[in-house]
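>>> just a sequence and a predicted model for now, questions to come.
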Amino acid sequence: MLFTRRPIYPKIGASINESTFHDSTKKEKQLSDNDFRVAVVGAGGTGAYYGGALARAGAQVTMIARGPHLDAINKNGLQLQSVLLGDFEVECAATDDMSTVDRVDLVIFAVKSWGTDAAIEAMASGGMVGEGTLIISMQNGIDSEPLLSKVFGAEHVLGCTATVSALISEPGVVKQAGGPGSLVIGDMAASQHAGGTTSERVTALVERCVAAGLAAEAHDNIEMALWMKFTFICALSGMTALTRKPIGDIFAQETTTEMYRQVLSEVAAIARAKGIEITQELVDTTLKTTQGREPFIIGSMGHDLIAGNPIEIGLLNARVVEMGKELGIPTPANFAIEAALRPHEGGVK
């Protein structure tokens, strides 16, 4: 199991007992003005970056972590080394036992794909998600929001894309060296207001994130944003893992640049077949934007592969291949990445 049952801190927040998360009659509840409570489920590079920023701004943040990283946060606090936010330390609660965390205002769901089921089960068995709790997923892929909505109810889940290059450099220390650090948040289609207008809860959350120094914004078509992020990450993570090289080396070669473009184009074709209009022009813009990024960037799957950790190939390029088969759309570049990386899926045993 990903999370053991070892209490570290007493429960935070007020207890709320709910028999079900699927009460559609509940009114939309705005975020509390005081004592804003956040749980970061998966306090690795990405989760700790965004959660750390909120903690520095005064939120009561609980980091769900494990092993030496958990021990270091409990002993010394969380240290952030960031080109965007500067270097700082925050003291925050940390645990590997979600049953010790009472209702929060916001859950940042940022576990790796292989920990998804265990993390959702642990969240559902405790009191972390209650009336008014919002959940944003920072996972890669396009399946997280449906999974979370199925368990906790669509009214709790917002769409979110987080784009940042951050990793654990040593236990208790997260280094953010690249990426825009952007955070795009919006209501999913099932929860959107009439006319597609941004809800008050999205506006309130975005404003709180901006006040914490984060590059956050609301999006009226978050499904489009999710698919754009999926298109981007399949190419970035897929190609940097395949080549074991950063994007600067990939774009220095015509062959790997063309394959990078092909990966983008295949994912965009899947999106269009599902009603998400990612045009070839958007594909070209994505490629050009990535070419303008820091040349040392390696996608998260590339970092995990190099470190000998399990990789998210099933969530990314293999998922594209699966959808391509269902829709009758060829995906040869994504298939090549899947075929080359599947033997590494479980990491170094």
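It's in. As the structure is a prediction and not an experimental result, all values here were calculated from the model.

>>> what's the residue nearest the centre of the chain sitting at in phi/psi?
Relative to the mean C-alpha position of the chain, the nearest C-alpha, by CA atoms, centre = their mean, is the one of M138, at 1.4 Å. Dihedral angles of M138 (phi, psi; degrees, to the nearest 10) stand at phi -110, psi 20.

>>> now do the contacts for it.
Contacts for M138 (CB atoms under 8 Å, 6 or more residues apart in numbering) come out as 46-47, 50, 108-110, 160, 162. To be clear about C-beta, it is placed using only N, CA and C from the backbone, and glycine gets the same treatment.

>>> ok, now Q253?
By CB under 8 Å, 6+ apart, no residues touch Q253.

>>> pLDDT score assigned to it?
With respect to pLDDT, Q253 scores 98.

>>> try the one 5 residues further on
Model confidence at E258, expressed as pLDDT, equals 98.

>>> got the buried residues for the host helix or strand of it?
Using DSSP states H and E, E258 sits within helix 254-273. Judged by neighbour count using 16 or more other CB atoms under 10 Å, the buried positions of helix 254-273 are 256-257, 259-272.

>>> got the contact list for it?
The set of residues external to helix 254-273 that reach it, using CB under 8 Å, 6+ apart, is 227, 230-232, 234-235, 238-239, 243, 249-251, 277-280, 282-283, 286-287, 290, 317, 320, 323-324, 327, 329-334, 336-337.

>>> what does stretch 58-67 give?
In contact with stretch 58-67 (CB under 8 Å, 6+ apart) are residues 2-4, 9, 12-13, 35-44, 47-48, 51-52, 54-55, 70, 73, 78, 90, 92-96, 98, 101, 104, 119, 171, 208, 212.

>>> at 6 Å what do you get?
Contact with stretch 58-67 is made by 12, 36-41, 43, 51, 54-55, 73, 92-94, 96, 101, as judged by CB atoms under 6 Å, 6 or more residues apart in numbering.

>>> chain center to it: distance?
How far stretch 58-67 lies from its chain's middle: 16 Å, per CA atoms, centre = their mean, to the nearest Å.

>>> what's the mean pLDDT across it?
pLDDT averaged over stretch 58-67 gives 97.

>>> equivalent analysis for stretch 271-288, please.
In this model, stretch 271-288 has a mean pLDDT of 97.

>>> one step back: now, the contacts of M138 that are in helices?
Of these, the ones assigned to helices by DSSP state H are 46-47, 50.

>>> need the helices for this structure, in chain order.
All helices of the chain, identified by DSSP H, fall at 45-56, 67-76, 116-125, 144-152, 200-211, 222-243, 247-251, 254-273, 280-291, 300-307, 317-327, 332-341.

>>> what's the closest of these to A189?
Taking CB to CB, helix 222-243 is the member of the helices of the chain nearest to A189, at 6.2 Å.

>>> residues in contact with the closest one: which ones?
With CB under 6 Å, 6+ apart as the test, helix 222-243 has contacts from 140, 142, 159, 161, 184, 186, 219, 250, 260, 263-264, 267-268, 271, 276, 286, 298-302, 305, 316-317, 320, 337, 340-341.

>>> what's the angle between it and helix 144-152?
Between helix 222-243 and helix 144-152, the angle comes out at 120 degrees (axes from the mean of the first three to the mean of the last three CA atoms, to 10 degrees).

>>> what's the angle between helix 222-243 and helix 332-341?
50 degrees.

>>> list the buried residues for helix 222-243?
For helix 222-243, the neighbour count (16+ other CB under 10 Å) marks 222-243 as buried.

>>> mind checking the end-to-end distance for stretch 322-335?
9 Å (CA to CA, to the nearest Å).

>>> what's that stretch in contact with?
259, 262-263, 266, 269-270, 273, 317, 320-321.

>>> in JSON lines: the residues you listed, plus distance to L147.
Listed next are these as JSON lines, based on distance: CB to CB, whole Å:
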{"residue": "M259", "distance to L147": "30"}
{"residue": "Q262", "distance to L147": "29"}
{"residue": "V263", "distance to L147": "24"}
{"residue": "E266", "distance to L147": "24"}
{"residue": "A269", "distance to L147": "24"}
{"residue": "I270", "distance to L147": "19"}
{"residue": "A273", "distance to L147": "22"}
{"residue": "N317", "distance to L147": "19"}
{"residue": "V320", "distance to L147": "18"}
{"residue": "V321", "distance to L147": "20"}
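
>>> which among the helices of the chain is found nearest to S82?
Proximity to S82, assessed across the helices of the chain by CB to CB, is greatest for helix 45-56 (7.0 Å).

>>> pull the residues that contact that closest one.
By CB under 6 Å, 6+ apart, helix 45-56 touches 38, 40, 61, 78, 80, 85, 88, 90, 92, 108, 110, 138, 162, 164, 166-168, 174, 176, 212-214.

>>> go again using 8 Å as the cut-off
36, 38, 40-41, 43, 61, 63, 78, 80, 82, 85, 88, 90, 92, 108, 110, 138, 162, 164, 166-168, 174-176, 181, 183, 208-209, 212-214, 300.

>>> picking up where we left off before, just flag the most distant two among the contacts of stretch 322-335.
Using CB to CB, the contacts of stretch 322-335 reach their maximum pairwise distance at M259 and A273, which is 21.6 Å.

>>> domains in the chain, as residue ranges please.
Residue ranges for the domains of the chain, per automatic domain parsing: 37-220, 225-344.

>>> quick check: the nearest residue to D304 once chain neighbours are set aside vs I298, distance?
Leaving aside its sequence neighbours, D304 sits nearest to I311 (CB to CB, 6 or more residues apart in numbering; 4.9 Å). Using CB to CB, to the nearest Å, I311 is found at 12 Å from I298.
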